[in-house]
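> coords please:
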Amino acid sequence: QVQLVESGGGLVQAGGSLRLSCAASGRTFSSYAMGWFRQAPGKEREFVATIRWSGFSTYYADSVKGRFTISRDNAKNTVYLQMNSLKPEDTAVYYCARRIPGYSDYENPIRYDSWGQGTQVTVSS
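Sure thing, here's the model as predicted:
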């Protein structure tokens, strides 16, 4: 298992930006695809974005496409989520997770085997 620690959350006004970071322990980080999910109060955890091990392929939920960018730095064992043009409906706890190899349904949280503790993002109107 790998340990994941998110940071960078906070309170921001609508239209603002935040950059989340997820630092991973272990030497196998660069071998795995990584993902970001979020969970708002009373709602199920939902997929936000994922990035393959090389960083060359990324996929996004329709709700964040064009506003959020996922990236990674394998030398630093870190994955990022740049969030621009934030909306109140983006308010949630954001989690990073490591994807289990061999599955194509990357939007399904059960395809991820290690999760961070989450970081709160609150967008005020």
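> quick one, strands of the chain?
Counting by DSSP state E, the chain forms strands over residues 4-7, 10-13, 18-24, 34-39, 46-51, 58-60, 68-73, 78-83, 92-99, 112-115, 119-124, given from the N-terminal end onward.
> out of the ones you listed, which gets nearest to residue 106?
Of all these, the one in closest proximity to residue 106, counting by CB to CB, is strand 46-51 (4.7 Å). Every C-beta, even on glycine, is put in place using the N, C-alpha and C of the backbone.
> what residues sit buried inside that closest one?
47-51 (16 or more other CB atoms under 10 Å).
> and the strands of the chain as JSON lines, adding distance to residue 105 and mean pLDDT?
Putting the strands of the chain into JSON lines (distance: least, CB to CB, whole Å; pLDDT from 0 to 100) gives the following:
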{"stretch": "strand 4-7", "distance to residue 105": "21", "mean pLDDT": "97"}
{"stretch": "strand 10-13", "distance to residue 105": "31", "mean pLDDT": "98"}
{"stretch": "strand 18-24", "distance to residue 105": "21", "mean pLDDT": "97"}
{"stretch": "strand 34-39", "distance to residue 105": "12", "mean pLDDT": "98"}
{"stretch": "strand 46-51", "distance to residue 105": "10", "mean pLDDT": "98"}
{"stretch": "strand 58-60", "distance to residue 105": "11", "mean pLDDT": "97"}
{"stretch": "strand 68-73", "distance to residue 105": "17", "mean pLDDT": "97"}
{"stretch": "strand 78-83", "distance to residue 105": "20", "mean pLDDT": "98"}
{"stretch": "strand 92-99", "distance to residue 105": "10", "mean pLDDT": "97"}
{"stretch": "strand 112-115", "distance to residue 105": "11", "mean pLDDT": "94"}
{"stretch": "strand 119-124", "distance to residue 105": "25", "mean pLDDT": "98"}
